[in-house]
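J.: this one's structure only:
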């Protein structure tokens, strides 16, 4: 690609910075926009009842004629999960490696969108042209197969985006990350490197996926008389392959439980990313034909998710599998922050049912630690550094690392989602702000839950609700029914009759006060009821339920 | 104490087993009952809106004439927090070491109960007689000063209860745990050891509290030009003393923020458990008279609690302190499981305001690891082992350790809260079940929140509520007002008018159906409305709000 003097490139992260998840970044050069990744994030604790969160893409919709396509680095939810929602409105093709596209297709099928969205599989080393951009896919290692880094060539220069990655010299399947190609691209001159920060606070190197295989081998050797149950992330195909390999070595049959695990094994087997002789995997129903020591069960639920297969087994509510004393249960995972308590709960329940639980040395991260990050910088040698993927503290940790390599402070850009970063050979700076935000999905509703609804849910969750109903006659303005008081989530009503009786007397007084003072405005009446009742309940109980007066009008 | 042949002792844990927190255990010998500890626990995630949880002590109330007193091992909330609630009904004295009693007294003052509850300070090495029991207090080390193990002598034999403990050969204040006395008691013969299991899954030894002091020294030396802010647990008086010592060495003034931190420093200073020259601590208001590098601020909020002082500083809503770029903030703590995300949030916010955050080597645990547990067993050499303080997996881990020391399986008793454990020289067994449970405290209400209320709160939290109101005329049975529909926490109403209009039509149809079919039973009418509306909303939105029909009756 020919380089234009003084040309500038704009990079606009629409999500994924200062947060984990919801990765999506627009690259803009004149009339061309390409988008890297299109992920969701799981709701925060205070987003009560929300199923998932997708990025606000107003910026793309405002520039819809320029958008040429979506380029996806790998098939994790935080990189592909928003595609069915976002590509309903932005009808451009999606590019990715084989497994990535296959996982996107599962989603599109579920949303009945296979016809709407064009897909194209790209191989490592291949490039695609999108408007003024050319994008090359480069092999990396990660906790899912077929992960890619991207070299994004534009007339303003080249940007390398690592995606999520680690350096694995001995991967289970396929080759190590393509370090030589990164070096070659670096040699030609790279304007900016956007590098994964997830593990930037961790010193050293991330261990090879293969070390987990060695642990499995030891566990199988040590537990020859037990059924072995292994919970892991469904998308970690290499992990599943290692479990299957060990099962074959120790002459065990493999059962699979959990919807996402069954799905991904099917997809991966179709693509020949999982390889094993016929008859290795059996249906869970056939398990009864074997002794426990002839079985390995691979399952979801490694994060203690209450609806997942392992949690159901632990709670004795799984349809097909019950824990039997002596079972050896392996957590091949570490708890994602926020899940520690649920995981503990499942471990305790398994123990009470007589299972032995193993969770040490059974997992490695999929993200680069400090030494790997330095390695990538030393190969790519970019002019500017733009740390991506991580909370603020992770981005800052990468900044410190990079400055340790000799970079100037002003050449490391710590951006927020929405920042418009302008890059040229001369300088890198944040020149403006694009609209960004989190769109909440609840059931079929996309974006119909806002802060007011969440605030109400929070209040309802903590204090419950008291509803006061009254009916006035339209013409006379006479109170003809009520006030009646109904509560939910406030106190256990049996035993609290007296309190609710007292509350009704308070409301009757409030209504009488309104009548005496000829207050007929419903808004005012409601406020008086709310104030009086809320004062009474606070005095009496030190509680603050949501109070909802409803006034009806009868037309006789 | 004279030993009776064939005498049996009953131990009844009323909380604290298979859970963290709410420690309380009854020891029963003939007509004497003593109670060790009286703690609360903090509510689980699904106990929405609940402030704290205390044990159900029906067992004690049923035997109220036998209860001689409460013996408290140390002053943490999970050992003293339920005292103001439980001792309202069970009016017996409380025994503990000096700081423990002082902390209990702060609580009693708050609840206006100083006259109701008798207290007695016991020194290490002293014994108290309570009915048929004699209880000796033995010095231990823990993350709060004045922690004690108990030797409980009864005619059926001696039980040693460690309380929460670690072995610290170089404690900051006072002496190491009284290992010689434990050995002496062991030599005379111990029936059972009840030993802290919190860290039983961790190999090795817990580090000395003094190592944290060395880290503080390094941090102060490395950050000579910054204001230093240190967040830690208020009750860790030794930690606070080390911060103050380091402040004095580096010529800094100390400010204190956070209600519990201010309280405990006052209490500890009164008792001379905290020692420093006058003028060391200054009011936060005076901070402006000093340069940042002359100040150390000790604060609460090390767990990311949203209302605590540090979180308020990070969010820029603290009344007196704002973070200034260059501040060095130290988390002298590790996140308690469940708090990881809140802590991360505060770290990110501090970083964005320009603070440097340190959280490595700044904390040690207060609980014994595996080698320390083995040491205690080797000194006390009990006949039976009853692991306490911990989730099931921790108790089991101690069991494995103890069996590794040569104990027989049947001599290690893994009990649940409520189990009645009967011990004699001949055997140890679980002979029955006492009533146990968790009593939820919300505001001034104790025990008025039950499962129905929590289920409603959960449902309200996730889905919101739709209220349908109708008024019938009493004599004619005619519908004279409504159906009106009001929702909270369901959808953002602006923009959803159409949906709610449709919903009203559905309800109107349901009501008409009832009228046509001469259904006048209100229960039936409500069910029909609920079913029809819930089916409509599920089809339309895949959501399940709580639907609450309210029927009123007008008397004209």
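T.: Everything's here; your move. Source: prediction; values computed, not measured.

J.: okay, CA-based contacts and neighbour counts for the rest of this
T.: Noted.

J.: Once you drop chain neighbours, what's closest to residue A:183?
T.: residue A:379 (4.6 Å; C-alpha to C-alpha, 6 or more residues apart in numbering or on different chains).

J.: Residue A:186 versus the one you found, what's the distance?
T.: 6 Å (C-alpha to C-alpha, to the nearest Å).

J.: Compare the two and say which one has the larger neighbour count.
T.: Legend: neighbour count by other C-alpha atoms under 10 Å in any protein chain shown for residue A:379 and residue A:186, higher for residue A:186 (21 against 17).

J.: looking at it, residue A:84 is touching residue A:107, isn't it?
T.: Yes - counting by C-alpha atoms under 8 Å, residue A:84 does reach residue A:107; the two are 6.9 Å apart.

J.: neighbour-wise, which of the two wins?
T.: A count of neighbours by other C-alpha under 10 Å puts residue A:84 above the other of residue A:84 and residue A:107, at 22 against 18.

J.: Which secondary structure state is assigned to that one?
T.: Taking DSSP: H, G, I helix; E, B strand; the rest coil as the rule, one finds residue A:84 in the helix state.

J.: sec struct for the closest residue to it other than its chain neighbours, please.
T.: The shortest distance from residue A:84 to any non-neighbouring residue, by C-alpha to C-alpha, 6+ apart, is to residue A:108 (6.1 Å). Secondary structure for residue A:108, judged by three-state DSSP, is helix.

J.: what number of residues lie near residue A:108?
T.: Using other C-alpha under 10 Å: residue A:108 sits among 19 other residues.

J.: isn't residue A:80 right up against residue A:38?
T.: Yes - contact criterion C-alpha under 8 Å: residue A:80 and residue A:38 qualify, at 5.0 Å.

J.: Report the strands that pair with the worst-scoring helix or strand of chain A on mean pLDDT, each with its relative direction.
T.: Ranking every helix and strand in chain A by mean pLDDT, DSSP states H and E puts strand A:445-446 at the bottom, with a mean of 83. Partners of strand A:445-446 in the sheet, by DSSP bridges, are strand A:438-442 (antiparallel).

J.: what residues are up against the closest residue to chain B within the stretch 1-150 of chain A?
T.: When scored by C-alpha to the nearest C-alpha, the stretch 1-150 of chain A has residue A:49 as its residue closest to chain B, at 3.6 Å. Each residue near residue A:49 by C-alpha atoms under 8 Å, 6 or more residues apart in numbering or on different chains is listed here: A:442, B:461, B:462, B:463.

J.: quick one: secondary structure of it?
T.: Assignment for residue A:49 (three-state DSSP): coil.

J.: In contact with the closest residue to chain B within the stretch 201-350 of chain A, which residues?
T.: Nearest to chain B, among the residues of the stretch 201-350 of chain A, is residue A:348, at 5.4 Å (C-alpha to the nearest C-alpha). Residue A:348 makes contact with B:391, B:392, B:393, according to C-alpha under 8 Å, 6+ apart.

J.: Same check on residue A:366?
T.: Counting by C-alpha under 8 Å, 6+ apart, residue A:366 has contacts A:141, A:142, A:143, A:164, A:165, A:166, A:206.

J.: returning to that earlier point: dump the contacts of residue A:348 to TSV, plus pLDDT.
T.: Output for the contacts of residue A:348, formatted as TSV (pLDDT from 0 to 100):
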residue	pLDDT
B:391	92
B:392	94
B:393	93
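
J.: low-confidence ranges in chain A?
T.: Low-confidence segments of chain A, defined by pLDDT under 70: A:1-2, A:493-495.
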